[in-house]
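Chemist: fold the following and give me the result.
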Amino acid sequence: MPFKFRHLQKIVGGFFILSCLAFFVLTAVVARGEKWFQKYVHYTTHFSAAEGLSSGASVMLKGLQVGLIDHVTLDTDNRVKIEFRIFEEYADRVRGGTEVSVLSSFFGSSQLELSLGPQNNELIAEKSEIPASTQTGGKLDELLETFGNIAKRLEDPQGDLMQILQNMKGITENVDKAMAPTDGSLYSELLSSMNHLDKILNGLETSTPDMRDAIGEARKGLWEANKVIKALQKNFLLRGNVEQLFEEDSVIRAEGR
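Modeler: Just a heads-up that it's a prediction; the model follows:
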C-alpha cells in the first residue's frame, strides 16, 4: 500500500523547511557581519607592559577595527608577547615602518593601535614581528595630561578661579555691609515730612469742603508711599538710590534759598 502524506503533515513539513532556510540565512548574515569566515594575516609584537589587553580585544587602525588579539603571554625575557591577526583586506597596508601601540580607554580596557609606515616600503611578512611604539597610553594619557593642566590652572593663585573667588568675597562683604543696621536718620526724616504733610492736609480738609475728595485721594497716596518707604528700609539694593535722591533734593533746596 503506497504511503500518502496527510494535509497536516504537509503543512508541518513546509514550516520545518522554511525554518531551516531562515536559520541558514541568519547564520550567513551574522557570520558575514562578525567576519567568521574572514581570512587573517598573523603578526606578533612585544611590550614591556600591556595593562588592559586580553585575548579577543580589537586591533584598530584610524578608529576602525581591522583585527583581533589572539594571545597575550609572558615571554622568557619577562616581556609581554602579543599575537594578533589582521583582516587580509588590510594586510597590504602593513609595510615597513609600521608600529603598534596600546590604546587605553578611560574605563580600563585596552586595544592595539596600528600606525602605518610609508606605503612605498616593503610589505611585512606574515608571522613577522611589528615593533612596538615608544609612545603608549593613547587617549588615556592625553586625557590625564589635560586634567593635570586644568588642575594646575585652578591651583594658580593668579588664575581665573582664584580671581573669581576673590571677587565673590568682595561682593559678599559689600552685601553684608549694606544689610547691616544703620542709624535710620534718612528714613526718619522722610517719615517726619510725610507726617507734617498729613497734618497740612487735615487743616485744608476742615477749611475747604470742596477739597475733601481730592485730599482723600492724596491721603491714600500718602499711605501707599508710606508702604513703599517701609519696603525700602528692608531692601538694601534700592537704599543707595533713595539716598542719592535725598542728596539731590537737599542741593535744590539750598539753591532755592
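
Chemist: what separation do you get for the nearest residue to Leu123 once chain neighbours are set aside and Thr45?
Modeler: Closest residue to Leu123 apart from its sequence neighbours, by Cβ to Cβ, 6 or more residues apart in numbering: Arg95 at 5.6 Å. C-beta coordinates here come from the backbone N, C-alpha and C atoms, glycine included. Per Cβ to Cβ, to the nearest Å, Arg95 is found 15 Å from Thr45.

Chemist: between those two, who's got more neighbours?
Modeler: Each of Arg95 and Thr45 has its neighbours counted (other Cβ atoms under 10 Å); Thr45 has more, 21 against 15.

Chemist: what's across from the closest residue to that one other than its chain neighbours in the sheet?
Modeler: Nearest non-adjacent residue to Thr45, counting by Cβ to Cβ, 6+ apart: Val100, 4.6 Å away. Beta-bridge partners for Val100, by DSSP bridges, are Leu114, Ala132.

Chemist: pretty sure Val100 is in contact with Leu116, am I right?
Modeler: No. Using Cβ atoms under 8 Å, Val100 is not in contact with Leu116; the gap is 10.7 Å.

Chemist: more neighbours: which of those two?
Modeler: Here Val100 and Leu116 are compared on neighbour count by other Cβ under 10 Å; more neighbours surround Val100, at 24 against 15.

Chemist: tell me the pLDDT at the more buried one?
Modeler: What the model reports as pLDDT for Val100 is 92.

Chemist: OK, contacts around it?
Modeler: Listed by Cβ atoms under 8 Å, 6 or more residues apart in numbering, the contact partners of Val100 are 45, 82, 112-115, 130-133.
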